[in-house]
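Colleague: could you look at this predicted model? Sequence included:
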Amino acid sequence: MLRLVALLGLSFLFFLPAARSQEKEEISFELRLSKETLGVNERVRADFVMNRDGDNFIPPDFDGFRVLMGPSQSISSSWINGVRSYSKTYSYTLAPLEKGTFTIGQGTIVIEGETYKTIPKKITVTDAVDRPDGEPTAEDIADQNLHLVAEVSNTRPYMNEPISVVYKLYVSPSIVVSNFRPLDNPKYNNFWSQDIAFSKYNIQEGTYQGQPYRYVVLKRVVLYPQKSGSLEIEPLALDVSLEVPTNKRDFFGGRIYTKTNKVVSAGKRTIEVKPLPEQGKPSDFSGAVGDFNFEVSTSKNALNASESMQAKVTVRGTGNLKLFQLPKLTLPSALEVYEPEFKENVSTTLTGMQGEITEEYTIVPTYQGKYPIPAVNFTYFNPDSEKYERLTSKEITINVLEGPTADSGPVSPVSSVAKNVVRGGEQFYFIKLQPNLKPRKWTTFFGSNYHLGWLFAPLLLIPLFVLLRKKREAIERDVEGNRIKRANRLAKRYLSQARKTLGEKDAFYIALEKALHNYLKAKLKIETSDFSKDKIRDLLSDKGIAAETMEAFTELLVNCEMARYSPFSKVQMQQDYEKASEVITALDKEL
């Protein structure tokens, strides 16, 4: 019995210091790296280790790295000589995105009600090393068998000559792509651009660097350079999920695949844009580049005065059809001419725009006679022949059969701006010899009909006041009508500056773009001047705006941007002004 008591006492003496040491052990939470210097094609493991159990672990932002695996959690607990050892670890496997020096920031965790943070550590990423792990990793296999390519049809175009960019993802037959998503869509600064839409992705067979590959076309876009010199096309980047083969095999001898992610980029492309030659450049050149036909036609050649007819100026062919102005008709002053109506029937393919654009004039003759429509010149630059070419329409004679005869001399030609026509009539009159003057009679005001009328007028106006009051109450109850009126007033307020500058292209579109941004800023209480068109579209979509309204708003912003590099007619400015008023009114209804 005494021996048992002695043993218990001895055990107590041995365990007591261990227990106290455990109680006195400080809490630790630290970051451990498998290596602090590695090649850009190597991997690093980051372990967040703590000696007590914790909750609410928050990892840092791994800037400069892509997380391949993690977080994986492991726990170790043991007793050695009566001393308890505990460790809990959160692990990540990281791959560097580029060379340089990067910092793994602070991770945080809550242990026993207190927050603990790790000390940041730096990692140096150097050039790629040869087979760092002895055999190719999944990332290495992906690098060798996955390629994103931007195919440019022409790297040395003339200004306003179309080029196409086709983005293709090439995949080797040895790997399997399960999914991909774009990380950043390229911006085409200093280009007029239009995407060529397609309904689905089609897998096709092809070759890449002489080897058989499968590929899929991801994006097709047509660009018209608006500046000469070296212009850059930003890269398209994708995050691709794929499966790559390993050296392991399953029970039946089949190859085992492992999943990984790979970011691929098409890389920047530089386009050397040649300026249009100055030598031989006609004075009436308006920026047309391509291969065109030109025609001036009328709906009729003979009519009576006060009847109407149409004259069309048409350009058809292939080229930058949306980026230049049509030549104007010059007509005699005896023909009343209205502002032309612009029409276009243009489609865009990988070879560029093709179709026709037309301005249709409505003409009303005032006097009888024969009136010529002089020949009109249209000048364009042909990239194939590298020369300026001129097309001239035929002179057309309009025969006005019936109507008044002009008293004045020969009619001079004037430009085709809408105008008022001075009609026939006497210009001078003889002095009257018999004035037919009559004596004026004086009558007293009091007791007269005027006196009685002014006396009883207030009584007669009472029913009118009642009607006006009821009308006002009805208007106040018309909530939707009042909202529309307020929206119209709102559009006029924001677009007042743009209206003042109609006809001045640069000032008008600067004011129009500012008005659109100011409206969103005032309506949504946000700053939109730094927003791209895509971000504004997403913002409006989140607010439940109709797709047609969003498309119209975005198209206006595109026109404002395109106006910096392209000529715009007053007709187009008037159309954009009216469209902006409608869009702001529609947005105010939906917001």
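Modeller: Received, thanks.
Colleague: please count neighbours and contacts with C-alpha atoms only from this point.
Modeller: Fine.
Colleague: which residues touch residue 111?
Modeller: Shown in contact with residue 111 (CA atoms under 8 Å, 6 or more residues apart in numbering): 52-55.
Colleague: who is it paired with across the strands?
Modeller: residue 114 (DSSP bridges).
Colleague: for ChimeraX, what selects the buried ones among the contacts of residue 111?
Modeller: Buried members of the contacts of residue 111, defined by 16 or more other CA atoms under 10 Å, are picked up in ChimeraX with:
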select :54
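Colleague: among the contacts of residue 111, which are in strands?
Modeller: residue 55 (DSSP state E).
Colleague: from the contacts of residue 111, pick the one nearest residue 539.
Modeller: When those are ranked by distance to residue 539 (CA to CA), residue 55 comes first, at 36.5 Å.
Colleague: need the contacts of residue 111 in CSV (columns: distance to residue 304 and pLDDT).
Modeller: Below are the contacts of residue 111 laid out as CSV (distance: CA to CA, whole Å; pLDDT from 0 to 100):
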residue, distance to residue 304, pLDDT
52, 102, 85
53, 99, 85
54, 96, 85
55, 93, 85
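Colleague: widest-spaced pair of the contacts of residue 111?
Modeller: Among the contacts of residue 111, 52 and 55 lie farthest apart (CA to CA), at 10.1 Å.
Colleague: for the chain, which segments are assigned as helices?
Modeller: 2-24, 138-145, 449-477, 479-500, 505-524, 533-542, 547-562, 570-590 (DSSP state H).
Colleague: any idea which of the ones you listed has the lowest pLDDT on average?
Modeller: Lowest mean pLDDT within those: helix 2-24, at a mean of 43.
Colleague: got any ranges where the stretch 301-450 of the chain has weak pLDDT?
Modeller: Residue ranges of the stretch 301-450 of the chain with pLDDT under 70: 406-433, 441-442, 447.
Colleague: can you get me a residue count around residue 467?
Modeller: Neighbour count for residue 467, taken as other CA atoms under 10 Å: 12.
Colleague: revised request: answer the last question for residue 246.
Modeller: 14.
Colleague: one more: residue 174?
Modeller: Using other CA under 10 Å, residue 174 has 12 other residues around it.
Colleague: swap in the one 3 residues further on?
Modeller: Close neighbours of residue 177, defined as other CA under 10 Å, add up to 16.
Colleague: ditto for residue 173
Modeller: For residue 173, using other CA under 10 Å, the count is 10.
Colleague: same thing with residue 278?
Modeller: Residues near residue 278, counting by other CA under 10 Å: 7.
Colleague: could we number from 47 for the rest of this?
Modeller: Sure, I'll start counting at 47 from here, so that last one is residue 324.
Colleague: want to throw the contacts of residue 157 into TSV with distance to residue 113?
Modeller: Putting the contacts of residue 157 into TSV (distance: CA to CA, whole Å) gives the following:
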residue	distance to residue 113
98	26
99	24
100	23
101	22
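Colleague: any idea which of the helices of the chain gets closest to residue 322?
Modeller: helix 593-608 (19.1 Å).
Colleague: tell me the angle the closest one makes with helix 616-636.
Modeller: Helix 593-608 runs at 140 degrees relative to helix 616-636, counting by axes from the mean of the first three to the mean of the last three CA atoms, to 10 degrees.
Colleague: angle of helix 593-608 against helix 551-570?
Modeller: Between helix 593-608 and helix 551-570, the angle comes out at 140 degrees (the same axes, to 10 degrees).
Colleague: who are the packing partners of helix 593-608?
Modeller: Using 3 or more CA pairs under 8 Å, 6 or more residues apart in numbering; DSSP states H and E, the elements in contact with helix 593-608 are helix 551-570, helix 579-588, helix 616-636.
Colleague: run the last query once more with 10 Å
Modeller: Helices and strands touching helix 593-608, by 3 or more CA pairs under 10 Å, 6 or more residues apart in numbering; DSSP states H and E, are strand 237-241, helix 551-570, helix 579-588, helix 616-636.
Colleague: let's have these in JSON lines, adding mean neighbour count and distance to residue 165.
Modeller: JSON lines is the format used below for those (neighbours: other CA atoms under 10 Å; distance: least, CA to CA, whole Å):
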{"stretch": "strand 237-241", "mean neighbour count": "18", "distance to residue 165": "48"}
{"stretch": "helix 551-570", "mean neighbour count": "18", "distance to residue 165": "42"}
{"stretch": "helix 579-588", "mean neighbour count": "15", "distance to residue 165": "37"}
{"stretch": "helix 616-636", "mean neighbour count": "18", "distance to residue 165": "51"}
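Colleague: once you drop chain neighbours, what's closest to residue 262?
Modeller: Spatial nearest neighbour of residue 262, chain neighbours left out: residue 249 (4.9 Å); criterion: CA to CA, 6 or more residues apart in numbering.
Colleague: about what we covered before: any shared contact partners between residue 98 and residue 101?
Modeller: 157-158 (CA atoms under 10 Å, 6 or more residues apart in numbering).
Colleague: residue 184: what's it in contact with?
Modeller: 288-292, 303-308.
Colleague: in contact with the closest residue to residue 586 other than its chain neighbours, which residues?
Modeller: Take residue 586 and drop its neighbours on the chain: the residue closest to it by CA to CA, 6+ apart is residue 596, 6.8 Å away. The neighbours of residue 596, taking CA under 10 Å, 6+ apart as the test, are 582-587, 590, 602, 629, 632-633.
Colleague: out of those, which two sit at the greatest distance?
Modeller: The largest separation in the contacts of residue 596, counting by CA to CA, is between 590 and 602 at 19.4 Å.
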